[in-house]
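Asks: just the structure for this:
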Amino acid sequence: MDGKLLARLGAVVFVAVAVTATAIEMTRKEEEPAGQVVRPVEVTPADPLRQAQRRCQLLGEAAARDAECLRTWAETRDRFLGITPAPTSPQHDDGR
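Replies: Model prediction:
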């Protein structure tokens, strides 16, 4: 076999494979996505602690001097650490 003939035969085989692969790809149907999965929106009740945290966040540096923010951060820390606050003893109005 001549080298030129072998190169031509290789080129023809390459083109034939490329045309076949292109034809297969064009006739193949694309799989439709299963559709958008619609999850029900969970409505959670408003958490007053979270709202207080947002308020303190908006205060910025001034929150470090705000008594309500200090209380909020203490409550947040206790909730995170799983510490239940100690019950306060009831104060009597009769001076005991």
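
Asks: what's downstream of the top helix by length along the chain, the next helix or strand?
Replies: Of all the segments of type helix in the chain, defined by DSSP state H, the longest one is helix 3-27. Sequence order places helix 48-59 as the next helix or strand after helix 3-27, per DSSP states H and E.

Asks: so for that next one, what's the average pLDDT?
Replies: In this model, helix 48-59 has a mean pLDDT of 93.

Asks: ok, now stretch 73-87?
Replies: Mean predicted lDDT for stretch 73-87 stands at 86.

Asks: pull out the buried residues from that stretch.
Replies: Under the neighbour-count criterion of 16 or more other CB atoms under 10 Å, stretch 73-87 has residue 73 buried. To be clear about C-beta, it is placed using only N, CA and C from the backbone, and glycine gets the same treatment.

Asks: likewise stretch 50-58?
Replies: Quick answer for stretch 50-58 (16+ other CB under 10 Å): 52-53, 56.

Asks: what's the closest of these to residue 81?
Replies: residue 53 (15.9 Å; CB to CB).

Asks: quick one, what contacts the closest one?
Replies: If you count contacts by CB atoms under 8 Å, 6 or more residues apart in numbering, residue 53 has them with 72, 76.
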